[in-house]
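Colleague: Only the shape, not the letters, is given here:
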């Protein structure tokens, strides 16, 4: 890998982006269902709409988790004993973790939605109960009004009967007076003049008749007044019955709407609870898949590390890479020289383009081969560094540093500030950054400038390549 200028790496965190599908979950509701108002229609209609909104959000959450689960099944294949060489990659492990986290978040969210739905059900149930109470009160008032109206009507009928009887009596008296005639009374008074006894008897008779007329008239007038009052009360009772009937009908309509809202809320809650069970089952599947993927990845890492250790031990035995010379320096990796120090054409790949001067030597290690510290010292940097890909730099003191580039993902075994020994396995080769194949880009700094590593290492008894 080439660079045309000296650029010191800056420590920063970089994580591999998982290839699994991440779903953005819907936001939790910002407010709880409203409190029932005085209007039965408006209150009852608000609750079903809130239930439908929550229902749609539940379906959105379910869609996201279902897609994540299907993606995970298609993207991650856990190796079997017959496929011992195909272990999950680092990216696939991160994807499994991301999908499990998304599934857990979905379960958490739908649990919150169910809590809101349960609150909504309680609100609509309370509204239905309130409307039921209102209907009972309205029915009672209607029944009371009807009974009162019947009583008033009975009184009116009785008063009308009395008036009719008084009217008949008055008519009879009038008829008798008419038949007796006023002329007969005058003649009788004239003929009976001087006969005080006859005159007194006649006058007494006339007085009795007058009193009878007065009494009959009073009874008639009283009955007439009762009849008029009863008619008025009867009319008022009819009006009251009509008003009470309107209230009763309105109460029945409000109850029907409230009951519909309660039924809708309970239906949404029941479906959401069923969806929660389904989500929990999917989450368990995701967790099981993540565990299996992680186990397979760890098994692959174990086998790889055993192989690296075997290679290292063999190298130490044969004085090969990692074996420390009497000078204290060690060969950083096995493999022939595939790129020398000096000018060459720029190399471009998915990780960027190198410069036109190669300030290092490339060793064709192959993939996942061990990389060793060329000498003891303190790790100055360990992380991602642009076209270098994953990169480690060690300060050996006296102004001498060494650099190791294109380390594979997950293949850095040391951290910044850590002390390492000469020949220590610090990394595993890869092809990150501006690289076209697995190799080690090995560089040497003296006084801050990069020099040709081949003669430098040869002077210390280490032959590269």
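Modeller: Perfect, thanks for sending it. Bear in mind the structure is a predicted one, so any value in this text is a computation, not a measurement.

Colleague: Could you point out the longest helix of this protein?
Modeller: helix 196-318 (DSSP state H).

Colleague: Can you give me the separation between the closest residue to residue 326 other than its chain neighbours and residue 327?
Modeller: With Cβ to Cβ, 6 or more residues apart in numbering as the criterion, residue 326 has its nearest non-adjacent residue at 6.4 Å, and that residue is residue 461. C-betas here are computed from N, CA, C, even on glycine. Noted for residue 461: a distance of 5 Å to residue 327, by Cβ to Cβ, to the nearest Å.

Colleague: number of nearby residues for residue 436?
Modeller: Other residues near residue 436 come to 13 when the count uses other Cβ atoms under 10 Å.

Colleague: now residue 382
Modeller: Other residues near residue 382 come to 24 when the count uses other Cβ under 10 Å.

Colleague: again with residue 384
Modeller: Residues contacting residue 384 under the criterion other Cβ under 10 Å number 20.

Colleague: Report all helices and strands that the longest strand along the chain contacts.
Modeller: Counting by DSSP state E, the longest strand found in the chain is strand 400-412. Applying 3 or more Cβ pairs under 8 Å, 6 or more residues apart in numbering; DSSP states H and E, we find strand 400-412 packed against helix 90-180, strand 377-384, strand 390-397, strand 425-429, strand 440-446.

Colleague: Enumerate the positions of the third one that are buried.
Modeller: Of the residues in strand 390-397, those scored as buried under the neighbour-count criterion (16 or more other Cβ atoms under 10 Å) are 390-394, 396.

Colleague: any idea which of the residues you listed is closest to residue 127?
Modeller: Checking the buried residues of strand 390-397 against residue 127 by Cβ to Cβ gives residue 390 as the nearest, at 62.7 Å.

Colleague: That closest one against residue 403, yeah?
Modeller: No. With contacts counted by Cβ atoms under 8 Å, residue 390 stays clear of residue 403, the gap being 11.7 Å.

Colleague: so what's residue 324 up against?
Modeller: 330, 422-423 (Cβ atoms under 8 Å, 6 or more residues apart in numbering).

Colleague: quick revisit: reformat the helices and strands packed on strand 400-412 as JSON lines; add distance to residue 296.
Modeller: Shown next, in JSON lines, are these (distance: least, Cβ to Cβ, whole Å):
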{"stretch": "helix 90-180", "distance to residue 296": "9"}
{"stretch": "strand 377-384", "distance to residue 296": "26"}
{"stretch": "strand 390-397", "distance to residue 296": "23"}
{"stretch": "strand 425-429", "distance to residue 296": "18"}
{"stretch": "strand 440-446", "distance to residue 296": "28"}
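
Colleague: Between strand 377-384 and the longest strand of the chain, find me the angle.
Modeller: Here strand 400-412 points in a direction 50 degrees away from that of strand 377-384 (axes from the mean of the first three to the mean of the last three Cα atoms, to 10 degrees).

Colleague: Could you list the low-pLDDT ranges of this protein?
Modeller: 1-85, 166-167, 170-171, 173-210, 212-213, 215-216, 219, 312-320, 351 (pLDDT under 70).

Colleague: if you set the cut-off to 50 instead, what comes out?
Modeller: 1-46, 70, 72-84, 182-183 (pLDDT under 50).

Colleague: distance of residue 350 from residue 409?
Modeller: 13 Å.

Colleague: More neighbours: which of these two?
Modeller: Neighbour count, other Cβ under 10 Å: between residue 350 and residue 409, residue 409 has more, with 17 against 10.

Colleague: How many residues are close by the spatially closest residue to the more buried one that is not a sequence neighbour?
Modeller: Spatially, and ignoring its direct neighbours in sequence, residue 409 is nearest to residue 90 (4.7 Å; Cβ to Cβ, 6+ apart). Residues within reach of residue 90, counting by other Cβ under 10 Å, total 15.
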